[in-house]
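Engineer: Provide a 3D model corresponding to the input given below.
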Amino acid sequence: MDAITTDRLVLRNFRKGDANDLLAYLREPRASCFLSLKLEDLAAAEVEVETRSRSDEHIAVCLRGADRLIGDVFCVPEPPDTHAVGWNFNADFGGAGFAFEAARALFQYLFAEKQARRLYAYVEEGNSASQRLCERLRMRREGVFKEFVSFTRDHQGVPIFENTMQYAILRKEWVA
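Structural biologist: Below you'll find the model as predicted:
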């Protein structure tokens, strides 16, 4: 994909050199939905960067001018015109509005360039920051899936299921 530039960010494909910064936030993922992406070391981060560099589904979010990776957004197409979206950011850059700026640019790109009709995101009940971000992006909460998914297990190895909310926005809502 062609890079997307905002006031403070550049959204681009992953490339060699992003591994250290990716490791910084995937060594200990904050949101349980990213636990399966946990990276143990720099070698694992380099492999993940190489994998992501071959796809437009994971998009690197970098500080404009510094080209430093601070997080990523993702969009998974579901034909014919829907995309699952999400974001994952380094906590060191939290509270500055970067996730909102990046997600807004991604949404604009998907609606205008990819002709998406509908975008949706799954957010676990305990992830209040992502819930607020969805609401700031004017997404509506469509429902709650009770005990929808498990990312962890208790001390006896029994899966711990989490409630998950689905947020969505239509192109006609975005342009209104």
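Engineer: Quick one: distance of the helix or strand of the chain with the lowest mean pLDDT to the chain centre.
Structural biologist: The weakest-scoring helix or strand in the chain, judged by mean pLDDT, DSSP states H and E, is strand 140-153 (a mean of 93). Strand 140-153 has its C-alpha centroid displaced from the chain centroid by 17 Å (C-alpha atoms, centre = their mean, to the nearest Å).
Engineer: same question, stretch 108-124
Structural biologist: Distance, centroid of stretch 108-124 to centroid of chain: 12 Å (C-alpha atoms, centre = their mean).
Engineer: mean confidence score for it?
Structural biologist: Stretch 108-124 shows a mean pLDDT of 97.
Engineer: sorry, back to before: helices and strands around the least confident helix or strand of the chain, which ones?
Structural biologist: strand 118-124, helix 128-136, strand 159-170 (3 or more C-beta pairs under 8 Å, 6 or more residues apart in numbering; DSSP states H and E). For glycine as for every other residue, the C-beta is placed from the backbone atoms N, C-alpha and C.
Engineer: Now mean neighbour count and distance to residue 25 too, for these, in a markdown table please.
Structural biologist: Converted to a markdown table, these look like this (neighbours: other C-beta atoms under 10 Å; distance: least, C-beta to C-beta, whole Å):
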| stretch | mean neighbour count | distance to residue 25 |
| --- | --- | --- |
| strand 118-124 | 20 | 17 |
| helix 128-136 | 17 | 14 |
| strand 159-170 | 17 | 20 |
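Engineer: Adding distance to residue 78, write those out as CSV.
Structural biologist: Formatted as CSV, those follow (distance: least, C-beta to C-beta, whole Å):
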stretch, distance to residue 78
strand 118-124, 9
helix 128-136, 18
strand 159-170, 12
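Engineer: Residue 71 is nearest to which of those?
Structural biologist: Residue 71 lies closest to helix 128-136 among those, at 11.8 Å (C-beta to C-beta).
Engineer: on that earlier part again, what's the closest of the helices and strands packed on strand 140-153 to residue 90?
Structural biologist: Across the helices and strands packed on strand 140-153, closest to residue 90 is helix 128-136 (C-beta to C-beta), at 13.1 Å.
Engineer: which residues are contacting that closest one?
Structural biologist: Here helix 128-136 makes contact (C-beta atoms under 8 Å, 6 or more residues apart in numbering) with 31, 86-87, 94, 99-100, 103, 121, 123-124, 141, 165, 167.
Engineer: Equivalent analysis for stretch 86-102, please.
Structural biologist: Taking C-beta under 8 Å, 6+ apart as the rule, stretch 86-102 contacts 6-9, 11, 21, 24-26, 29-31, 33-34, 37, 61, 69-74, 103, 121-122, 129-130, 133, 136-137.
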